[in-house]
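Student: mind folding the following:
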Amino acid sequence: MFAIPGQPPVTVTDAAAAQIARLMAKQDAAGLRIGVKKGGCAGMEYTMDYVPEVEPNDEVVEVAGGARVIIAPMAQMFLFGTEIDYETSLLESGFKFRNPNVVDACGCGESIKFDEKLGTAS
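Tutor: Numbering: from 1, shown residues only. Okay, the predicted model is just below:
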């Protein structure tokens, strides 16, 4: 999947935007930085950190309600087309990624595998 000019690389649901904005305020953060790293049983894992500032090569997605998603440079090609949601159930609450670039995921839901055409991340 490739970036479409004028379109944000990720979309954020209203539930995720509200949660991101709440946590940004609580942590006094510039935004939620999302990345990927090697690890897990499927090969890759998402990383999420509230950060105090935006780095020069970060991709920034401004979302309604003051939420800001910051995409780390090494993760940008892996996240194009991803929808970020926040779901609450009886047993757990958390961010969910609907990523069209993922070709496999492990049973635990924490580890993912991307199409090998996207390359590798460190």
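Student: show me where this structure has strands.
Tutor: Under the criterion DSSP state E, the chain contains strands at 10-12, 31-38, 44-51, 59-63, 67-71, 82-88, 93-98, 102-105, 111-114.
Student: strand partners of the shortest one, parallel vs antiparallel please.
Tutor: Using DSSP bridges, the strands paired with strand 10-12 are strand 82-88 (parallel).
Student: what comes up buried for the partner strand?
Tutor: Neighbour counts over strand 82-88 (16 or more other CB atoms under 10 Å) mark 82, 84-86 as buried. C-beta here means a position set from N, CA and C on the backbone, and glycine is covered the same way.
Student: contacts for that strand?
Tutor: Strand 82-88 has contacts (CB atoms under 8 Å, 6 or more residues apart in numbering) with 9-13, 15-16, 18-20, 34, 69, 93-101.
Student: same question, stretch 12-30
Tutor: 31-32, 50-54, 61, 63-70, 83-87, 95.
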